[in-house]
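K.L.:
Below are the sequence and a predicted model; questions follow.
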Number of protein chains: 2
Amino acid sequence: MSDTTYSIGELCKEFDVTPRALRFYEYKELLNPIRDGQRRIFTQRDVARLKLILRGKRFGFSLAEIKDLLDLYHLNDGQVTQLAATLEAAERHRIELIGKRDELDMAIADLEDQMRVGQEMLAEKSTRRAAE
Amino acid sequence: MSDTTYSIGELCKEFDVTPRALRFYEYKELLNPIRDGQRRIFTQRDVARLKLILRGKRFGFSLAEIKDLLDLYHLNDGQVTQLAATLEAAERHRIELIGKRDELDMAIADLEDQMRVGQEMLAEKSTRRAAE
DNA sequence: GCTCTAAATGACGTAAACGTCAAGTCTAGT
DNA sequence: ACTAGACTTGACGTTTACGTCATTTAGAGC
């Protein structure tokens, strides 16, 4: 198994975050690194969670929302005992993500439309320049 | 032309935002309603911008970022004079959005994988129940 | 003229997500 | 023993994006 672990500094470099942020995520119970004395040791589980945290942030989810969502991506023992409820929450989240993707597609389409308009204006400008 | 205009209250109901938020967006120069005396009158341009603002927020963009992006979706006179630069910015934004969509697709795939795992666990549980 | 409603401005407050010191601890290297 | 570097725990500060009053103003209807 890949039981690679990370110090806080290593994880910071790897994911371009600050120590303060990682400690904050631990305080908010999004991560729970084990300890070697007083120092934090981040396991693969923490790494996986951190990836999801950063991903969630990029899509505008709050840390509070992300905390609730983390369990949907990695079933832990607590979730298995209420598996049905967890799966329902996962389905709701899936619907939400798909809605976001649709909206994102619309945003991209709108932008491309506008870019085409701009391209035409540019073409017209150079045509007129040539006609002078 | 649809020269429909809105009072602040009408716009709030339509988009489920507060007056405070709209005034804040104006203060931050994301909207610029005209005035009838001291009252704000929101035009179609403001409506279009508001849609983009709310959309941007849903994808985790800050108001400052959104302010810069608004001009990419609706070319105004200021932009036309620097059309080439605007189009380059639009292309960069397009790349960013496409990156986000790819990441979103991965998130959806991950979630669906995990849901399949959960479904199997659920099926196994009921199988064992039936075998007892 | 009066009241009601919608809207205005101004000012202070707040939640989220960290940033930024300050001061102490631990450990590996000389 | 000593120093440097990485890490720790407080604790207060900051930015963003509004919320929440308090107080005014202005038109609409009776």
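P.N.:
Thanks, I have the structure now. Numbers count the residues shown, from 1 in each chain, chains lettered A, B, ... in the order given.

K.L.:
What is the burial count for A:L97?
P.N.:
A:L97 has 18 neighbours, counted by other Cβ atoms under 10 Å in any protein chain shown. Just so you know, the C-beta spots here come from the backbone N, C-alpha and C atoms, and that holds for glycine as well.

K.L.:
what's the one helix or strand it maps to packed up against?
P.N.:
Using DSSP states H and E, A:L97 maps to helix A:83-131. Using 3 or more Cβ pairs under 8 Å, 6 or more residues apart in numbering or on different chains; DSSP states H and E as the contact definition, the elements that helix A:83-131 packs against are helix A:63-73, helix B:44-58, helix B:63-73, helix B:83-131.

K.L.:
Mean pLDDT added to these, as TSV?
P.N.:
Below are the helices and strands packed on helix A:83-131 laid out as TSV (pLDDT from 0 to 100):
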stretch	mean pLDDT
helix A:63-73	95
helix B:44-58	97
helix B:63-73	95
helix B:83-131	93
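
K.L.:
can you put those helices in TSV and add distance to B:E14?
P.N.:
Converted to TSV, those look like this (distance: least, Cβ to Cβ, whole Å):
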stretch	distance to B:E14
helix A:63-73	26
helix B:44-58	8
helix B:63-73	19
helix B:83-131	25
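
K.L.:
Contact partners for the residue most central in space within chain A?
P.N.:
In chain A, the C-alpha nearest the mean C-alpha coordinate belongs to A:R55, at 0.9 Å (Cα atoms, centre = their mean). Under the criterion of Cβ atoms under 8 Å, 6 or more residues apart in numbering or on different chains, the neighbours of A:R55 are B:E103, B:A107.

K.L.:
wait, what's in contact with the residue of chain A found nearest chain B?
P.N.:
With Cβ to the nearest Cβ, the shortest gap between chain A and chain B falls at A:G60, namely 3.4 Å. Taking Cβ under 8 Å, 6+ apart, we find A:G60 in contact with B:K57, B:R58, B:F59, B:G60, B:F61.

K.L.:
Which two among the residues you listed are spaced furthest apart?
P.N.:
Across the contacts of A:G60, the longest distance by Cβ to Cβ is 8.8 Å; it joins B:R58 and B:F61.

K.L.:
Mind checking which of those two has more residues around it?
P.N.:
Between B:R58 and B:F61, counted using other Cβ under 10 Å, the more crowded position is B:F61 (19 against 15).

K.L.:
Phi, psi for the more buried one please.
P.N.:
The phi and psi torsions at B:F61 (degrees, to the nearest 10) take the values phi -80, psi 140.

K.L.:
Surely it is in contact with B:L69?
P.N.:
Yes: at 7.1 Å, B:F61 and B:L69 qualify as touching, with contact defined as Cβ atoms under 8 Å.

K.L.:
what about A:K28, how many neighbours?
P.N.:
A:K28 has 13 nearby residues by other Cβ under 10 Å.

K.L.:
let me fix that: A:H74
P.N.:
14.

K.L.:
Roughly how far does it sit from B:G9?
P.N.:
Note on A:H74: its distance to B:G9, by Cβ to Cβ, to the nearest Å, is 46 Å.

K.L.:
what does chain A have sitting close to DNA strand C?
P.N.:
Residues of chain A lying close to DNA strand C (Cβ under 7 Å from any atom of the strand) are A:T18, A:R20, A:A21, A:F24, A:K28, A:G37, A:Q38, A:K57, A:S62, A:L63, A:A64.

K.L.:
switch the cut-off to 6 Å
P.N.:
A:T18, A:R20, A:A21, A:F24, A:G37, A:Q38, A:S62, A:L63, A:A64 (Cβ under 6 Å from any atom of the strand).

K.L.:
Pull the most distant pair out of these.
P.N.:
Maximum pairwise distance in those, criterion Cβ to Cβ, is 33.0 Å, between A:G37 and A:S62.

K.L.:
who's more crowded, these two?
P.N.:
A:S62 (10 against 5).

K.L.:
Would you check how far apart the more buried one and DNA strand D are?
P.N.:
Computed as Cβ to the nearest atom of the strand, to the nearest Å, the A:S62 to DNA strand D distance reads 11 Å.
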